[in-house]
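J.: Build me a structure from this.
(2 chains)
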Number of protein chains: 2
Amino acid sequence: MVAKTGGTLPRELLAWYEPLTPLSFLHRIACVMPDKVAVICQDRCWTWQEFFRRVNRLSNALKEAGVRKGDKVAFLSRNFPSLLEGHYGIPLTGAAIVAINHRLSAPEVANIVNLSGAKVMFVDSGAADLIDTEDLPGVKTYVNVLDGQYYGEASKKLLPGYDYEEFISGASDEYIKLELEDENDIIAINYTSGTTGTPRGCMYSHRSVYLRSLANIVEYSLNAYSVYLWSLPMFHCSGWCYTWATSAVGATNVCMRAPEADKMWELIEKHGVTHMSGSPIIFQRLGKYMDEGGIRKFPHKVIVNNAAAPPPEAMLIDMEEKGAEIGHCYGLTETYGPFTLCEWQPEWDGLSLKERISKKMRQGVPGLTAGEIRVVDEKGRDVPWDGKTIGEVIMRGNNVMQGYYEAPDEDDKAFKHGWLYTGDGGVIHPDGYVEIKDRFKDVIISGGENIIGLEVENCIHRHPDVAEAACFGMPDEKWGEVVKCLVTPKPATSPTAKEIIDFCRQRMAHFKCPKEIVFGEIPRTSAGKVQKYLLRQKERERFEQKKSVPPAQ
Amino acid sequence: MVAKTGGTLPRELLAWYEPLTPLSFLHRIACVMPDKVAVICQDRCWTWQEFFRRVNRLSNALKEAGVRKGDKVAFLSRNFPSLLEGHYGIPLTGAAIVAINHRLSAPEVANIVNLSGAKVMFVDSGAADLIDTEDLPGVKTYVNVLDGQYYGEASKKLLPGYDYEEFISGASDEYIKLELEDENDIIAINYTSGTTGTPRGCMYSHRSVYLRSLANIVEYSLNAYSVYLWSLPMFHCSGWCYTWATSAVGATNVCMRAPEADKMWELIEKHGVTHMSGSPIIFQRLGKYMDEGGIRKFPHKVIVNNAAAPPPEAMLIDMEEKGAEIGHCYGLTETYGPFTLCEWQPEWDGLSLKERISKKMRQGVPGLTAGEIRVVDEKGRDVPWDGKTIGEVIMRGNNVMQGYYEAPDEDDKAFKHGWLYTGDGGVIHPDGYVEIKDRFKDVIISGGENIIGLEVENCIHRHPDVAEAACFGMPDEKWGEVVKCLVTPKPATSPTAKEIIDFCRQRMAHFKCPKEIVFGEIPRTSAGKVQKYLLRQKERERFEQKKSVPPAQ
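T.: Reported below is the predicted structural model:
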């Protein structure tokens, strides 16, 4: 039971209640700062008023195309302004946005679109090769987003349907407020790979993205002077809800197609970028680019919000030395992105760089509006706050998704006794800060992307010479982790590593494919369960050893 | 109808919903920053953990004294730490805090306590003279807050009952979470004088003070480094919700008994105060004190949040010249204090001081979490956004009170068609910023306190020589406004101004008494309605003329 009714008054007569929705942020800022720049992409920019009008046109065009409350609208695109518009224009119809990772393979994308039941789909022409309309029987309308318009590229494949500009230009720019019956209604569905490799759609509510946006603003000091660089894909946890946080305060969005280091640097300098987020690899690359160009410092204060994978120490140090203020948060697609942040304590200012970094390595405490976190043993009892005992990290509160879309069985696995079980293994330090140490679930995080071991194994098992396979994460300087696989060949066969890797690359998104394959027996418990933690542990030890040997001069 | 239920799951099994309450701020910060200083008062200070424990003791002591969910607990006190504790410890029992203005007269205080139905009452010994227990039949338990403990004063009158420290020290410091059934439950009732002079209790909800706290944080850049000086009385709109905003981010509270300029300066220097709020007179006095002491600048950045009355231009300029960053917000007791703020636009940075101040004089736009504002004519139609046409300011949204406590007739007057009618007359500028120009309701704002003209008139009418009286606000350099009264004596009598003023001072809080009395006919409409706007207009013209004449050298 979420909340009592507000007495007997119908909503329209209730002066003191308004459902929480981030759509109110945009309406407000378009009135308050109409002429301030909202979005920059290449040589073009739009003010908040212009952006607002485009959003209204998008929403009205979708209604004309038959989109109604409760519908789903898919968006397969890189970080173009249209995708940001989609985060407002789609919910403004009462529908939910389903933003999809364009680095998935064609069958993976099709699976997500079909599971979501999307009726309308927006496709960036740079990703159109992933779409075969015959595989998507539910999609009635396609809208092509022509990246060439912004980037001067020749557009590639076009799907039968509209051009984005044509689609919206015919519609009215009148603002028609969404009369939200319930602030817990769904604004977005973000798909994550399940432990079985089946995508699961995390349902985000208007209320919770509103609260997460406010937490982002407070935790990372976002305001009207901020310039937010879209180094983080908007399809990842709704761009961790920065898609909406920027309009709350009137910060400027700087869009970019892909977080290439040279492009990031150019935009940081050109537009005075103050904020950016992403996985560690983005900032490792940026640091390397600066080093190679002989650039010692950022030209002004830059606040970096790192997440998606535990930050390597070297990257944290590098960013700090270059003058960035780097923060670290942790969460899941199931938790609107960041649930915790490594909340900085004023008294830590006086520590040495090394000590400060060791504080910053930790995933931290629940964000301002997030809820509660615990680390528990197998029986659900809190582990001691000793920084040593590993347990499973569990969470509850407004920062937890409403469940998986149309997948009650998956909900039953994820939620127990009113808590979300993350599958991440962590410790809790004496000061209450959580640190992630291992994973209970079978996930490998590579370049900020989640890869399910089982999914890769299922693919490898289809190779005729493979008897068994166990995939696991191998630490990697560049990607955080990459997929490694231990394969037991069938008797009297001798497949090569290259053969198996090529086999995978023909069938899966490339980032999911193993980077290294070794052959041998797979360690198992007496009950027959694969002991992946042993394989991971061995790799971590090897990695640490390698790091401690100084490179040959 | 406020919100649908969250399906069929009972609350304890719902991982994704937690009622919004500022009590979660304190619980969180006591875990995250236990050893950081939470409250400073004179030579003593308490960490967040200590403060949290004291709050828990207070709450458990109240439960032992029989306080239950839905009860009311009154608090008559200056800005001592115990009053801040009350803003958490009382709601933690499920009861609502009724903080009362200690500058009211004894009958006024008794009236409020009785209307609220408070069972327990906390009384600052410096205000105990206002209490006659015989007048308060509903109060079963008194707790004396001994200001001497903090300020070294000899305590004065003591009420039969507990000493605050004794009251809480016997109780457990265990945290017992409030299981809030509905986030719209009442956390505080703040009494304001009605237009008839009858106090009306504005009901504040857990949800809305949570949202207002977040808005304060974002709008005034409050964070863990902030040091908040309590120059604003906590009994005014729950200290405009800063009582709760400080724990959300772990800012330090510096308590002070009364906002005397010398004391403020001492605390600003000593504790590195970064934030303070209040009515213009506070900052006028502070500026004067600095001038007299030859102090040209604040020693560090200070953010000043001015409200409660329109800010005089000279004060804004003075504060800016002294290096403060001064903001301006506007609201009512009915709107959790600030509903609008004069939101600063980055592009205004380049304006001259005079231009910047003229922007800042305006009451502005709705705050981030506030809701909607309109300026309407008598038929409820929006006035043109021309900066000239005066209409009544109306508001709706989460920043509007839930209504007056047990006063449905007053609700019917305040709310129309789902909007709160403020009784303030304003214009709306072409950029959407509201500016208050006059009052439709009969209120005089003196030193940040609201005074109802009718209440003063009712008192004066009891004087044997008075036939009629009309009270209205007269502009005043120091107080913003003071009460002026036009009196028509009874035939064949000739009362003096001093006689009538003395008569009032024996019967009412001194700040409400007329400062000037003139004798003559009262202007009325043909329908017999007193034309107070004419009287106010004349005073404003006189005031402007006086200002434009340079003082004699």
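J.: Only C-alpha atoms from now on, for both contacts and neighbour counts.
T.: Noted.
J.: A:T47 against A:A38, yeah?
T.: Yes. Here A:T47 reaches A:A38: they are 4.9 Å apart, a contact under CA atoms under 8 Å.
J.: More neighbours: which of these two?
T.: Neighbours per residue, other CA atoms under 10 Å in any protein chain shown: of A:T47 and A:A38, the larger number sits with A:A38, 25 against 18.
J.: hang on, the more buried one in a strand?
T.: Yes. Per DSSP: H, G, I helix; E, B strand; the rest coil, A:A38 lies within a strand segment.
J.: Go ahead and confirm it touches A:A248.
T.: No. A:A38 is not in contact with A:A248 according to CA under 8 Å; the separation is 11.2 Å.
J.: Apart from its chain neighbours, what residue comes closest to the residue in the stretch 401-550 of chain A that chain B sits nearest to?
T.: Taking CA to the nearest CA, chain B has its nearest neighbour within the stretch 401-550 of chain A at A:G418, 3.7 Å off. Distances taken as CA to CA, 6 or more residues apart in numbering or on different chains place B:L13 nearest to A:G418, at 3.7 Å, with adjacent residues excluded.
J.: isn't the one you found right next to A:L420, touching?
T.: No. Contact criterion CA under 8 Å: B:L13 and A:L420 do not qualify, at 10.3 Å.
J.: Which one's more surrounded, these two?
T.: Neighbour comparison, B:L13 and A:L420: the larger count goes to A:L420, with 26 against 16 (by other CA under 10 Å).
J.: Is that one in contact with A:I394, as I believe?
T.: Yes. With contact defined as CA under 8 Å, A:L420 reaches A:I394; the gap is 5.4 Å.
J.: Nearest to chain B: which residue in the stretch 1-150 of chain A?
T.: The stretch 1-150 of chain A approaches chain B most closely through A:L13 (3.7 Å), counting by CA to the nearest CA.
J.: Contact partners for that residue?
T.: Contact analysis of A:L13 by CA atoms under 8 Å, 6 or more residues apart in numbering or on different chains lists B:416-419.
J.: can you map out the helices along the stretch 101-250 of chain A?
T.: Using DSSP state H, counting those that start in this stretch, the helices found in the stretch 101-250 of chain A span residues A:106-116, A:147-151, A:164-169, A:206-219, A:237-240, A:242-249.
J.: Now these in JSON lines, please, with extra columns for mean neighbour count.
T.: Shown next, in JSON lines, are the helices of the stretch 101-250 of chain A (neighbours: other CA atoms under 10 Å in any protein chain shown):
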{"stretch": "helix A:106-116", "mean neighbour count": "20"}
{"stretch": "helix A:147-151", "mean neighbour count": "16"}
{"stretch": "helix A:164-169", "mean neighbour count": "16"}
{"stretch": "helix A:206-219", "mean neighbour count": "24"}
{"stretch": "helix A:237-240", "mean neighbour count": "26"}
{"stretch": "helix A:242-249", "mean neighbour count": "26"}
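J.: worst average pLDDT in the ones you listed?
T.: Mean pLDDT is lowest for helix A:147-151 out of the helices of the stretch 101-250 of chain A, coming in at a mean of 58.
J.: host element of A:A61?
T.: helix A:48-64 (DSSP states H and E).
J.: Just want the angle from that helix to helix A:242-249.
T.: For helix A:48-64 against helix A:242-249, the angle by axes from the mean of the first three to the mean of the last three CA atoms, to 10 degrees is 130 degrees.
J.: and the stretch 51-200 of chain A, which residues reach chain B?
T.: The stretch 51-200 of chain A comes close to chain B at residues A:181-184, as judged by CA under 8 Å from any CA of the partner chain.
J.: Can you go through those and name the buried ones?
T.: Buried members of these, counted by 16 or more other CA atoms under 10 Å in any protein chain shown: A:182-184.
J.: List just the nearest of these to A:G371.
T.: When these are compared for distance to A:G371 (CA to CA), A:N184 wins out at 16.2 Å.
J.: For B:L368, see how far away the closest residue to chain B within the stretch 101-250 of chain A is.
T.: Going by CA to the nearest CA, chain B is nearest to A:D182 of the stretch 101-250 of chain A, at 5.0 Å. From A:D182 across to B:L368, the span is 20 Å (CA to CA, to the nearest Å).
J.: do the same with A:G371
T.: 22 Å.
J.: okay, the two: which has more neighbours?
T.: Per other CA under 10 Å, whichever of A:G371 and B:L368 has more neighbours is B:L368, with 25 against 22.
J.: which residue packs closest to that one, ignoring adjacent ones?
T.: Distances taken as CA to CA, 6+ apart put B:A215 closest to B:L368, at 5.7 Å, once the chain neighbours are dropped.
J.: That neighbour and B:G371 touch, don't they?
T.: No. Taking contacts as CA under 8 Å, B:A215 lies outside contact range of B:G371: 11.5 Å.
J.: Got the domain ranges for chain A?
T.: In the domain annotation for chain A, the residue ranges read A:41-179, A:366-439, A:444-548 (automatic domain parsing).
J.: Report the distance from the first one to the chain centre.
T.: Think domain A:41-179. 19 Å (CA atoms, centre = their mean, to the nearest Å).
J.: what's the model's confidence in stretch A:78-90, averaged?
T.: Mean pLDDT, stretch A:78-90: 97.
J.: who's in contact with that stretch?
T.: Outside stretch A:78-90, the residues within contact range by CA under 8 Å, 6+ apart are A:23, A:39-41, A:51, A:54-59, A:62, A:73, A:75, A:77, A:96-97, A:102, A:124, A:145, A:147, A:230, A:233-234, A:238, A:243-244, A:255-258.
J.: Filter those residues down to just the buried residues.
T.: Buried members of those, scored by 16+ other CA under 10 Å, are A:23, A:39-41, A:51, A:54-59, A:62, A:73, A:75, A:77, A:96-97, A:102, A:124, A:145, A:147, A:230, A:233-234, A:238, A:243-244, A:255-257.
J.: where does the closest residue to A:K360 other than its chain neighbours land on pLDDT?
T.: Setting aside the residues directly before and after it, A:K360 is nearest to A:C342 in space (CA to CA, 6+ apart), at 6.1 Å. On pLDDT, A:C342 comes in at 95.
J.: how near is the most centrally placed residue in chain A to A:E334?
T.: The centre of chain A sits closest to A:H236, judged by CA atoms, centre = their mean, with a distance of 2.5 Å. Look at A:H236 and A:E334: by CA to CA, they are 11 Å apart.
J.: Next: A:A497.
T.: Separation of A:A497 from A:E334 (CA to CA): 35 Å.
J.: still on that earlier bit, A:H206 versus the residue of the stretch 101-250 of chain A closest to chain B, what's the distance?
T.: According to CA to CA, A:D182 and A:H206 sit 9 Å apart.
J.: Kindly report the same for A:E313.
T.: 36 Å.
J.: same deal with A:I326?
T.: Going from A:I326 to A:H206 by CA to CA gives 28 Å.
J.: ok, back up a step: could I get the buried ones among the residues of the stretch 51-200 of chain A next to chain B as TSV with pLDDT?
T.: What follows is those, written out as TSV (pLDDT from 0 to 100):
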residue	pLDDT
A:D182	93
A:E183	95
A:N184	95
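J.: of all the residues you listed, which comes closest to B:H429?
T.: A:E183 (32.1 Å).
J.: Identify the residues contacting the closest one.
T.: Applying CA under 8 Å, 6+ apart to A:E183 gives the contacts A:19-21, A:205-207, B:3.
J.: Tell me the one among the residues you listed nearest to A:V443.
T.: Using CA to CA, the contacts of A:E183 come closest to A:V443 at A:S205, 25.6 Å.
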